[in-house]
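> after the sequence you'll find the predicted model.
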Amino acid sequence: MVPVYSARRILVTGGAGFLGSHLCERLLAAGHEVLCVDNFYTGRRANVAHLLDDPRFELMRHDITFPLYVEVDQIYNLACPASPVHYQFDPVQTTKVSVHGAINMLGLAKRRKARILQASTSEVYGDPEVHPQSEDYRGNVNPIGPRACYDEGKRCAETLFFDYHRQHGLEIKVARIFNTYGPRMHPNDGRVVSNFVVQALLGRPLTVYGDGSQTRSFCYVDDLIEGLVRLMESPSDITGPINLGNPQEFTILELAELVRELTGSRSEIVFRPLPQDDPVRRCPDITRARTLLGWEPRTPLREGLERTIAWFDRLLAGREGERLAKEGMAS
């Protein structure tokens, strides 16, 4: 556990999203005041509804592509749609959120002399040609492809963070987040864990893109949040970027079989063409995280999936599940 030296007022952009809501919980538990900002494009009020009665929690609807004037001590900048389904729906806006949003949050941090953390992504490595990926690998990104709005937007945000650090002396932290899963994932976000779990629970075919041999590393959300907090609380000379993810690789087909086993599903596995620029292999080198933060993931994939499946099972059993089913989730 990272020690808490004093209670702070902390801004979490994208705070009603999957990662953001878990981070808000963690910060409140540590005794901080939390200002949760979200435009609810992919974030959901239900994710933070249980926090609304806490007097130290405030929820604000706001789009960070517009400036924000608030009094805060720290900023976690998590706001940005993170799944291809959502970030490709409006690619121009996705780039704006990453770039304009970073400029606005960096401006706020500069005015307030606040420490700021950028939630970057393993997508900055593109379809990597080096395995595993260390932070000094510069990536293999297609700048004009359908994923570029997210990949290049996050790369530009990192550039802005380090330029503000060099030019203005701003205290920055940059985390490169690899595949993360757990309760409160959006059930129709098109990401592989949520897709498989929902499809299996509904008795629908599990959709594997490509031949299933491509690999990912899956980090449970509680472990990831621990890494973000440790990075934020690390000494000021530790700026990052630092990879946060699980270094153990699984093929997509292995994941599909495990989800079928844990759900008791008889769903068949069907194969579809691999989307353009979809990475064939991705796995983090977390040497920096281990050395500088004393961090590594603790939750085995089976255990994390069991918790995630239980959450989705409850979701699908309720009215929210009925509504989402009508929208054709994970079809």
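Cool, got the structure. Residues are numbered from 1 along each chain as shown.
> quick one, strands of the stretch 101-250 of the chain?
For the stretch 101-250 of the chain, strands defined by DSSP state E, counting those that start in this stretch occupy the ranges 115-121, 172-177, 180-181, 206-209, 215-217, 219-220, 242-244, 249-251.
> what's the neighbour count on the closest residue to Gln248 other than its chain neighbours?
Excluding its sequence neighbours, the residue lying closest to Gln248 (C-beta to C-beta, 6 or more residues apart in numbering) is Ser217, at 6.1 Å. The C-beta positions use only the backbone N, C-alpha and C, and glycine is treated the same way. Counted with other C-beta atoms under 10 Å, residues neighbouring Ser217 total 24.
> identify the bridge partners of Ser217.
Taking DSSP bridges as the rule, Ser217 bridges to Glu249.
> do I have it right that Gly210 meets Phe271?
Yes - using C-beta atoms under 8 Å, Gly210 is in contact with Phe271, at 7.4 Å.
> could you list the low-pLDDT ranges of the stretch 1-150 of the chain?
Along the stretch 1-150 of the chain, the parts satisfying pLDDT under 70 run over 1-5, 83-87.
> any idea how far the residue lying farthest from the centre of the chain is from Gly318?
Taking C-alpha atoms, centre = their mean, the residue of the chain most remote from its mean C-alpha position is Arg266, at 30.1 Å. Distance, Arg266 to Gly318, using C-beta to C-beta, to the nearest Å: 24 Å.
> straight-line length of stretch 140-153, end to end?
15 Å (C-alpha to C-alpha, to the nearest Å).
> got the contact list for that stretch?
Here stretch 140-153 makes contact (C-beta atoms under 8 Å, 6 or more residues apart in numbering) with 80-82, 84, 87-88, 91-92, 94-95, 97-99, 121, 123-129, 155, 275-278.
> mind checking which of these are buried?
80-82, 84, 87-88, 94-95, 97-99, 121, 123-128, 155, 277 (16 or more other C-beta atoms under 10 Å).
> below-threshold pLDDT in the stretch 151-300 of the chain: ranges please.
277.
> tell me where it has helices.
192-201, 221-232, 252-263, 287-288 (DSSP state H, counting those that start in this stretch).
> show me what the second one is packed against.
Pointing back at helix 221-232 there. The elements that helix 221-232 packs onto, with contact taken as 3 or more C-beta pairs under 8 Å, 6 or more residues apart in numbering; DSSP states H and E, are helix 18-29, strand 74-77, strand 115-121, strand 172-177, strand 180-181, strand 242-244.
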